[in-house]
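*Asks:* Fold the stuff below for me.
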Amino acid sequence: MDRVIIAGGGWSGCAAAVQAKKEGADVTLLERTDMLLGTGLVGGIMRNNGRFTAAEEMIAMGGGELFQVIEENLKHKHISFPGHEHGDLYDIGKISGAVFRFLKEMGIHIYTKSRVLHAQMKDRRMINVTDAEGNCYSGDGFVDATGTAGPMNNCSKYGNGCAMCILRCPSFGGRVSLTSLAGVQEKMGRRPGGAVGSMSGSCKLYKESLSLEIQERLGRDGVAVVPVPPELVEDHLEKKSCQQYALPEFRENLVLLDTGHGKLMTPYFPLEKLQKIPGFENARYEDPYAGGKGNSMRYFAMAPRDNTLNVEGVDNLYCAGEKSGLLVGHTEAIVTGVLAGHNCVRRIQGKQQIILPDTLAIGDIISYVKQEMDTPEGMERKYTFSGSFYFQRMKEKGLYTTDTALIQKRVEEAGFSRYFSHSGKKDCVS
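*Replies:* Numbers count the residues shown, from 1 in each chain. Reported below is the predicted structural model:
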């Protein structure tokens, strides 16, 4: 049986694991911490703006299993907040367990607290990887879904220090990517002005530390927008990875979303200022714990890759999520994970790799981000279906729609209707 080894149990790694298993491979998923989903443990925003289109494209292509798991664990549907429409919020307290059970039921081997430190190469192929405990995992194909955040020294050097985020580098060790272990030079993102890396764009407040009025608004509406007194305004918009939220409304207000915590849409906010705002007198951070000082830093280690998501220079290594470029979001991670898992198995089986066409938003963002990352300006931007540069491109190209029938028609016309549904399917290449 074909063996696929995936490093990184975030949304992209889980999606790659699901798809590779559907293709008939024996799949092993290695996660360095003790929980799946990584930043998905504190994220929670789905289907806002163009993410609706991308999710429905993948569902129409037959790769929507994780979107269904998310649908079954929602706290709020079809909410609006500044600059964003028809968003869904999943329950961050339930989602990791739900995904873990789903993967286990599929027969995927999951090893947590398994931080990969070594890789053995032969010619242009990866042969096996070894974790910190000395466990060796041999495979025919590999997927690098280790992300781009951390380790601690990057947060200290390029940010405001380790803010003790959900990635928990002090406890489980910092990120180590398969791409770097294979000897491939990775790319580093930049902010406008040339500074390296970007800061994660939201904090999570312990919801019960907020006023009852704010708690009630969050529970009822899923969102609360609270004006910030002018003398307390903090401007961190340029530091954010999530540029789709770099709008004036997020400077002038505290925008809170209900994902289980009170998701505060700013990279950080000094606690002494926050507690001066009515309703936040007892506010307490849950992620990162030092959210009054800073947040995790990201985009330090992206793999050079082609549009099949094959890492350049290594025949049997694929990448997904942030590892595959300056992509922001869970939807972006899931759809690239599906493609990486699929093409990894095709490579093992000696089949031609597929490239999704740019008549679909998913195919377009994959090719566009690769093109943009070859320019200095492009390396200073972030790309997401939900806003900023790429969402504008979606609208200009006519790709953005919430008409599911139209999305299904586009997928069918592209030749990819139900394409990812199961193994043993057609060998067509777009």
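*Asks:* Just the mean pLDDT for stretch 231-245, thanks.
*Replies:* Summarised as a single mean, pLDDT over stretch 231-245 is 65.
*Asks:* scratch that, stretch 98-105 is what I was asking about
*Replies:* Rounded mean pLDDT across stretch 98-105 is 98.
*Asks:* For that stretch, C-alpha coordinates in PDB please.
*Replies:* Extracted C-alpha coordinates of stretch 98-105, given in PDB (Å, rounded to 0.1, in the frame of the first residue of the first chain):
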ATOM      1  CA  ALA A  98     -14.600  16.300  16.200                       C
ATOM      2  CA  VAL A  99     -11.800  16.300  13.600                       C
ATOM      3  CA  PHE A 100      -9.700  13.900  15.600                       C
ATOM      4  CA  ARG A 101     -12.500  11.400  15.800                       C
ATOM      5  CA  PHE A 102     -13.300  11.800  12.100                       C
ATOM      6  CA  LEU A 103      -9.700  11.100  11.000                       C
ATOM      7  CA  LYS A 104      -9.400   8.100  13.400                       C
ATOM      8  CA  GLU A 105     -12.700   6.600  12.000                       C
END
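*Asks:* neighbouring contacts of it?
*Replies:* When contacts are defined by Cβ atoms under 8 Å, 6 or more residues apart in numbering, stretch 98-105 is touched by residues 14, 17, 18, 29, 36, 37, 65, 66, 69, 72, 73, 110. C-beta: built from backbone N, CA, C; applies to glycine.
*Asks:* Next: stretch 380-390.
*Replies:* 45, 48-51, 53-54, 83-84, 189-192, 194, 198, 241-246, 299, 325-329, 331-332, 361, 365, 368-369, 372, 391, 394.
*Asks:* so how far is the first residue of stretch 149-165 from its last?
*Replies:* Chord length of stretch 149-165, first to last residue, is 11 Å (Cα to Cα, to the nearest Å).
*Asks:* how much distance is there from stretch 385-396 to the middle of the chain?
*Replies:* Chain-centre distance of stretch 385-396: 17 Å, with Cα atoms, centre = their mean, to the nearest Å.
*Asks:* tell me which residues of it are tucked away?
*Replies:* Buried residues in stretch 385-396, counted by 16 or more other Cβ atoms under 10 Å: 385, 386, 387, 388, 389, 390, 391, 393, 394.
*Asks:* Report the two of these separated the most.
*Replies:* 386 and 393 (12.5 Å; Cβ to Cβ).
*Asks:* And the contacts of stretch 380-390, which of them are buried?
*Replies:* 45, 48-51, 53-54, 83-84, 189-191, 198, 241-246, 299, 325-329, 331-332, 361, 365, 368-369, 372, 391, 394.
*Asks:* Secondary structure element holding the spatially closest residue to residue 261 that is not a sequence neighbour?
*Replies:* Spatial nearest neighbour of residue 261, chain neighbours left out: residue 204 (3.8 Å); criterion: Cβ to Cβ, 6 or more residues apart in numbering. Taking DSSP states H and E as the definition, residue 204 sits inside strand 203-205.
*Asks:* and that strand, how far out from the chain's middle?
*Replies:* 18 Å.
*Asks:* My read is that the residue nearest to residue 261 contacts residue 263, right?
*Replies:* Yes. With contacts counted by Cβ atoms under 8 Å, residue 204 reaches residue 263, the gap being 5.6 Å.
*Asks:* Isn't residue 369 up against residue 332?
*Replies:* No. Using Cβ under 8 Å, residue 369 makes no contact with residue 332, being 9.3 Å away.
*Asks:* Quick one: distance of the helix or strand that the strand holding residue 204 is followed by to the chain centre.
*Replies:* Going down the chain from strand 203-205, the next helix or strand is helix 212-221, by DSSP H and E. Relative to the mean C-alpha coordinate of its chain, helix 212-221 is positioned 28 Å out (Cα atoms, centre = their mean).
*Asks:* Could you identify the helix or strand that succeeds helix 212-221?
*Replies:* Using DSSP H and E, the helix or strand that directly follows helix 212-221 along the chain is strand 223-227.
*Asks:* Direction included, what does that next one pair against?
*Replies:* Sheet pairing of strand 223-227 (DSSP bridges) gives strand 253-258 (antiparallel).
*Asks:* what is the mean pLDDT for the helix or strand following the partner strand?
*Replies:* Following strand 253-258 in sequence order, the next helix or strand is strand 262-264 (DSSP H and E). Averaging pLDDT along strand 262-264 yields 97.
*Asks:* hmm, who's touching strand 262-264?
*Replies:* Under Cβ under 8 Å, 6+ apart, the answer for strand 262-264 is 42, 44-45, 89, 202-207, 210, 214, 218, 224, 254-257, 291.
*Asks:* Sort out for me which of the buried ones among the contacts of stretch 380-390 are in helices.
*Replies:* 51, 53, 54, 331, 332, 361, 365, 368, 369, 372, 391, 394 (DSSP state H).
*Asks:* Run a quick neighbour tally on the nearest residue to residue 113 once chain neighbours are set aside.
*Replies:* Excluding the flanking residues, the one nearest residue 113 by Cβ to Cβ, 6+ apart is residue 34, at 5.6 Å. As a burial measure, residue 34 scores 10 neighbours (other Cβ atoms under 10 Å).
*Asks:* repeat for residue 105
*Replies:* 8.
*Asks:* Just give me how far the helix or strand hosting it sits from the chain centre.
*Replies:* Here residue 105 sits within helix 95-106, counting by DSSP H and E. Remark: helix 95-106 is offset 18 Å from the chain centroid, using Cα atoms, centre = their mean.
*Asks:* next helix or strand past it?
*Replies:* strand 109-111.
*Asks:* Residues contacting that following strand, please?
*Replies:* 9, 26-31, 36, 100, 103-104, 131, 135.
*Asks:* Can you go through these and name the buried ones?
*Replies:* Buried among those by 16+ other Cβ under 10 Å: 9, 26, 27, 28, 29, 30, 31, 36, 100, 103, 131.
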